[in-house]
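**Student:** Pasting the sequence and the predicted model now:
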Amino acid sequence: ARMLSRYESEFLELSCIGVGEFGTVYRCVKRLDGCMYAIKRSRRPIAGSANEQLALKEVYAHAVLGHHPHVVRYYSAWAEDDHMIIQNEYCDGGSLHDAITEKGEQGEFFCVPEMSDLLLQVSMGLKYIHSLGLVHLDIKPSNIFIRRRPSSSAGGEGDSEEEDESPSYGVVYKIGDLGHVTSISNPRVEEGDSRFLAFEVLREDYTHLPKADIFALGLTVLLAAGAPPLPQNGDDWHSLRQGALPSLPQELPAPFKDLLKTLLDPDPTTRPSASALCRHDVLRKERIG
Ligand SMILES: Cn1cc(CCO)c2c3c(c(-c4ccccc4Cl)cc21)C(=O)NC3=O
């Protein structure tokens with residue numbers, strides 16, 4: 001009988017939750033601990049190819065990034081049967097892209113408190129990534145995953161983190177897909193999705209890379225606000241990078257709209273850092289009493 005692969009012997013595959021050129025993602029139960037994991041299986045990249053670099057960056061980044069409540073947790077990675085396999089935390093709430101699409105189908109979109117919650121949580125994740133000298137470079141709704149915080153859970157992520165772990169909507173956002181992560185100081189930039197790409201990165205100006213993540217986060221929040229799908233190129237692509245906000249199906253209060261404009265400022269130095277966003281009073285949850 002053929003030797004069972006580690007994947008087959010250690011995990012029970014429950015369902016396929018994503019297919020792309022990156023590979024296939026499955027929802028699995030680990031037989032030993034009975035916990036659920038998201039496992040991505042991709043063809044082993046050609047030795048020495050750009051894809052191999054991307055695959056290695058992802059695992060290196062996860063190894064360095066350790067544990068944070070707003071970064072998808074990494075458990076293991078290995079190669080077998082000509083495949084690369086990475087075992088990550090399973091986020092049961094789908095991606096932010098799914099959430100935006102579902103709302104859009106009902107003619108709904110995120111309200112300002114929900115967008116503030118999203119912006120604050122992802123800023124905390126970016127603050128952590130940037131504090132370790134790394135940048136994500138592919139921030140977008142389909143790379144932000146959701147955990148629906150169980151109302152009264154025994155487990156859940158370690159509440160020991162210093163960050164405020166009491167999400168107002170019972171939703172926890174986590175930054176995932178670290179395939180484009182690179183070092184701030186000596187960057188090897190593999191451009192992410194062009195719809196979220198900051199103009200200065202297209203021009204290969206890598207002097208403010210953390211601000212490229214902030215720009216992509218600004219466009220991500222715009223989509224949550226109900227903005228139409230983003231252009232991949234052309235005049236609309238450029239006008240979004242000259243400070244013009246697209247028309248939104250809701251009137252945003254000035255303080256929030258102005259904050260969003262600073263995230264999308266053509267000048268990266270004007271955009272707030274992730275750390276500044278975490279302290280921003282527009283995002284502070286007013287404490288009751
Ligand atoms: C398509 N897709 C759907 C999901 C579940 C959302 O409810 C998902 C996850 C991940 C990933 C993922 C992304 C990039 C690299 C590795 C993985 Cl496992 C992809 C996912 C991941 O790392 N954790 C996930 O939950």
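**Tutor:** Alright, I've got the coordinates.

**Student:** can you pull out the strands in this protein?
**Tutor:** Using DSSP state E, the strands of the chain run over residues 11-20, 23-30, 36-43, 74-80, 83-89, 134-135, 144-148, 171-175, 182-183.

**Student:** Give me the sheet partners of the last one and which way each runs.
**Tutor:** Looking back up the chat, that one is strand 182-183. strand 134-135 (antiparallel) (DSSP bridges).

**Student:** tell me the mean pLDDT for the longest helix along the chain?
**Tutor:** The helix spanning the most residues in the chain, taking DSSP state H as the definition, is helix 112-131. Computed over helix 112-131, the mean pLDDT rounds to 98.

**Student:** same thing with stretch 21-29?
**Tutor:** Averaged across stretch 21-29, the pLDDT comes to 94.

**Student:** sorry, back to before: which of the strands of the chain sits closest to residue 283?
**Tutor:** Of all the strands of the chain, the one in closest proximity to residue 283, counting by CB to CB, is strand 171-175 (13.2 Å). Bear in mind the C-beta positions are built from the backbone N, C-alpha and C, glycine included.

**Student:** Against which helices or strands is the closest one packed?
**Tutor:** Using 3 or more CB pairs under 8 Å, 6 or more residues apart in numbering; DSSP states H and E as the contact criterion, the secondary-structure elements in contact with strand 171-175 are helix 112-131, strand 144-148.

**Student:** what's the neighbour count on the closest residue to residue 119 other than its chain neighbours?
**Tutor:** In this structure, residue 119 finds its nearest non-sequential neighbour in residue 221, 5.5 Å apart by CB to CB, 6 or more residues apart in numbering. Residue 221 is flanked by 22 other residues according to other CB atoms under 10 Å.

**Student:** Next: the one 5 residues further on.
**Tutor:** One way to gauge burial is a neighbour count; for residue 226, by other CB under 10 Å, it gives 18.

**Student:** cool, residue 198 as well?
**Tutor:** One way to gauge burial is a neighbour count; for residue 198, by other CB under 10 Å, it gives 25.

**Student:** so who does it touch?
**Tutor:** Residues counted as contacts of residue 198 (CB atoms under 8 Å, 6 or more residues apart in numbering) are 211, 212, 215, 216, 241, 268.

**Student:** rerun at 10 Å
**Tutor:** 137, 192, 205, 208-209, 211-216, 218-219, 241, 264, 266, 268, 271 (CB atoms under 10 Å, 6 or more residues apart in numbering).

**Student:** Can you say which of those are buried?
**Tutor:** Among the contacts of residue 198, those classed as buried by neighbour count (16 or more other CB atoms under 10 Å) are 137, 192, 208-209, 211-216, 218-219, 241, 264, 268, 271.

**Student:** Return the subset of those residues lying in helices.
**Tutor:** When the buried ones among the contacts of residue 198 are checked against helices (DSSP H), the matches are 209, 211, 212, 213, 214, 215, 216, 218, 219.

**Student:** From the contacts of residue 198, list the ones also adjacent to the ligand.
**Tutor:** Restricting these to those near the ligand by CB under 6 Å from any ligand atom leaves nothing, as none qualifies.

**Student:** Do the helix or strand bottoming out on mean pLDDT in the chain and the ligand come into contact?
**Tutor:** Sorted by mean pLDDT, DSSP states H and E, the helices and strands of the chain end with helix 50-65, the least confident at a mean of 88. No - among the residues of helix 50-65, none lie within reach of the ligand under CB under 6 Å from any ligand atom; the closest is 6.6 Å away.

**Student:** by contact count, what packs against the longest helix of the chain?
**Tutor:** helix 50-65, helix 96-105, strand 134-135, strand 144-148, strand 171-175, helix 209-224, helix 254-263, helix 274-279 (3 or more CB pairs under 10 Å, 6 or more residues apart in numbering; DSSP states H and E).
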